[in-house]
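Provide a 3D model corresponding to the input given below.
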Amino acid sequence: MKIVAIIPAGGSGFRTGTSTPKQFLKFHGKELIAYTIEVFQYSPLVDEIIVAVNHSYIDFINKLKLKYKLKKISMVVEGGNERQDSVYNALSVLHLRKNDLVAVHDAARPLLSKEVLNNAIETAGNKGNAVVSIKARDTLLETNDNLYKYPDRSNIYYIQTPQIFKYSELKSAFELAYKNNFYGTDESMLMQKAGYKLNLVEGSLINLKVTTADDLLILKKLLKKSSV
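Sure, this is the predicted structure:
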């Protein structure tokens, strides 16, 4: 069974308030996306890495590949207008057997641990898919027209990545979504809409996605503490 990682990295990063997309910012001398890719580069369970980026950053990724010896990067493809398009562009260049696994992981999630990754891969291999998530810990409040509702957090999960699926099933879910003109925020949403049962596996608060300016500050501190 082959395992391929897809890293969609075409986002603009406007919510961080930086002129450079967040995934290409440097932390302690190394680009954020390099930290992310290295998790999969150093995993003995991952065979290949595909990166999807804006056309203007294709050469940039190829230079990072040489700089950090990211030999598992087999292709750098052009991203699309949305995350869904970027992932599908990467899927479309793959030639895998139907039960080979595809792990999609956010470019701006550089602190994925090998334990979380290994557990997700093992679960996907045994059960067909795996979606990394963490259970809601804080009190939740929903407001609408000055009406307040506190949802039961015991059944609420924050979805993370990686999300790992069988190649044939993931591709069919994408094709169904496009057929119905549906865009989801991640792959789990497309798979669920296509009728597949999802297997949630435990993630980590450390496996944060850098989205806002505050996240940039948190990442700097976490990377410093880990002596990277």
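
which residues does the residue most central in space within the chain contact?
Nearest to the mean C-alpha position of the chain, by Cα atoms, centre = their mean, lies residue 105 at 2.1 Å. The contact partners of residue 105, by Cβ atoms under 8 Å, 6 or more residues apart in numbering, come to 5, 6, 7, 36, 39, 40, 112, 161, 162, 163. Where C-beta positions appear, they are placed from N, C-alpha and C, glycine not excepted.

mind doing that once more with 6 Å?
Listed by Cβ atoms under 6 Å, 6 or more residues apart in numbering, the contact partners of residue 105 are 7, 161, 162.

what separation do you get for the first one and residue 58?
Yep, that's residue 7 we're talking about. 13 Å (Cβ to Cβ, to the nearest Å).

same check, this time on the last one
According to Cβ to Cβ, residue 162 stands 23 Å off from residue 58.

for those two, indicate the residue with more neighbours.
When residue 162 and residue 58 are compared on other Cβ atoms under 10 Å, the one with more neighbours turns out to be residue 162, at 29 against 16.

ok, that one touching residue 106?
No. If you go by Cβ atoms under 6 Å, residue 162 and residue 106 don't touch, sitting 8.5 Å apart.

I'd like the distance between the residue located most distally from the centre of the chain and residue 138.
Here the chain reaches farthest from its C-alpha mean at residue 146, the gap being 35.5 Å by Cα atoms, centre = their mean. Remark: distance between residue 146 and residue 138 (Cβ to Cβ) = 22 Å.

cool, residue 162 as well?
24 Å.

select the longest strand from this protein.
Looking across the chain with DSSP state E, the single longest strand is strand 157-166.

could you list the paired strands of that one along with their orientation?
Strands that pair with strand 157-166, judged by DSSP bridges, come out as strand 101-104 (antiparallel), strand 129-135 (antiparallel).

how about low-confidence regions in this structure?
Applying pLDDT under 70 to the chain flags the ranges 11-18, 225-228.

same thing but at 50, please
Residue ranges of the chain with pLDDT under 50: 227-228.

that one: helices as residue ranges?
Assigned by DSSP state H, the chain shows helices spanning 32-41, 58-67, 83-92, 114-127, 167-179, 187-193, 213-225.

want to throw these into TSV with distance to residue 101?
Output for those, formatted as TSV (distance: least, Cβ to Cβ, whole Å):
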stretch	distance to residue 101
helix 32-41	12
helix 58-67	22
helix 83-92	12
helix 114-127	5
helix 167-179	7
helix 187-193	12
helix 213-225	28
